Structures are given as structure tokens and as C-alpha cells.
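Visitor: show me the folded form of this:
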Amino acid sequence: AFMQQLDAAQRVLYDRAVAVFYANHNVELPTALAYAERALTARQDIYAYDTLAWALYRLGRYDEARAASDRALALGTPDATLHYHAGLIAAAQGDAERATTYLRRALDLNPHFDLLQAEEARAALAALEQ
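Guide: Residues are numbered from 1 along each chain as shown. Below is the predicted model of the structure:
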């Protein structure tokens, strides 16, 4: 039974990692969404909601992305990636004030949270502050 549980846990982490990778690179988005949804079904934690939000954002489904992102942020976890995703989602919805707040928070928490995504966060924040 332990090995089956381990396999299930590993599967959730794999699904999540693949979904995030695809969404980060803006490729295979329907597959990213399917993996994110499967990960969320298996484990409803903040990172599953964030993964779902990120895939939905990349697919242009901003309202659904914001709802999932709000769930990811509900516990106030100080994770730069969660705030970065929330910031880009807010920017896509035209909510510049919220976007600026979240992007600043992401970069304050960890200015180097991800080589490519942190650079995108800085660029998005600079565009919002012009």
C-alpha cells in the first residue's frame, strides 16, 4: 500500500511540474491545463491552485485564473511565484494597481525567484509604472 501511495504522490508532483513547465514556456497549453486539473483533483493545496491559475492565465482565461490565484494566495504564503502569477493575471485583467502590488511583493520576497520569470516580473512592473 505504501508504494501505491508513493506512486500517487509522485504522480501529483510530476503532473504539477509538467503543467508549470509548459505554462512557463507558453507551449502545450491544453496539456498543461489537463495536468493542472488532475493535480488539483489529487491534492487541493495552494500550489495546485497556483498551477491551475497559471495554466488558465496562459490560455487567456483570466477570470478563472484570478479565482484560482486568489485561492492560492488565501493563506498568505510568502512565495514569490504565487505573487508573480497573481500580478500577471491582474495586469491581464486591466487591474494595474493590483498587478503592481503583487509584482512588487514577488520581487521583494525574492528578486531571483526564477531566472526567466523574475525578469518577466521586472519588465511587467516597469511597463505598469510608466
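
Visitor: what is the mean pLDDT for stretch 84-100?
Guide: Averaged over stretch 84-100, pLDDT sits at 98.

Visitor: so how far is that stretch off the chain centroid?
Guide: Its chain's C-alpha centre and that of stretch 84-100 lie 12 Å apart, by C-alpha atoms, centre = their mean, to the nearest Å.

Visitor: since we're on the nearest residue to Tyr57 once chain neighbours are set aside, how many residues are nearby?
Guide: Spatially, and ignoring its direct neighbours in sequence, Tyr57 is nearest to Ala65 (4.1 Å; C-beta to C-beta, 6 or more residues apart in numbering). To be clear about C-beta, it is placed using only N, CA and C from the backbone, and glycine gets the same treatment. By other C-beta atoms under 10 Å, the residues close to Ala65 number 25.

Visitor: now do the one 10 residues further on
Guide: Leu75 is flanked by 10 other residues according to other C-beta under 10 Å.

Visitor: which residues of this protein fall in helices?
Guide: Taking DSSP state H, the helices of the chain run over residues 2-25, 29-42, 46-58, 62-73, 80-92, 96-109, 115-128.

Visitor: any idea which of those has the lowest pLDDT on average?
Guide: helix 2-25 (a mean of 85).
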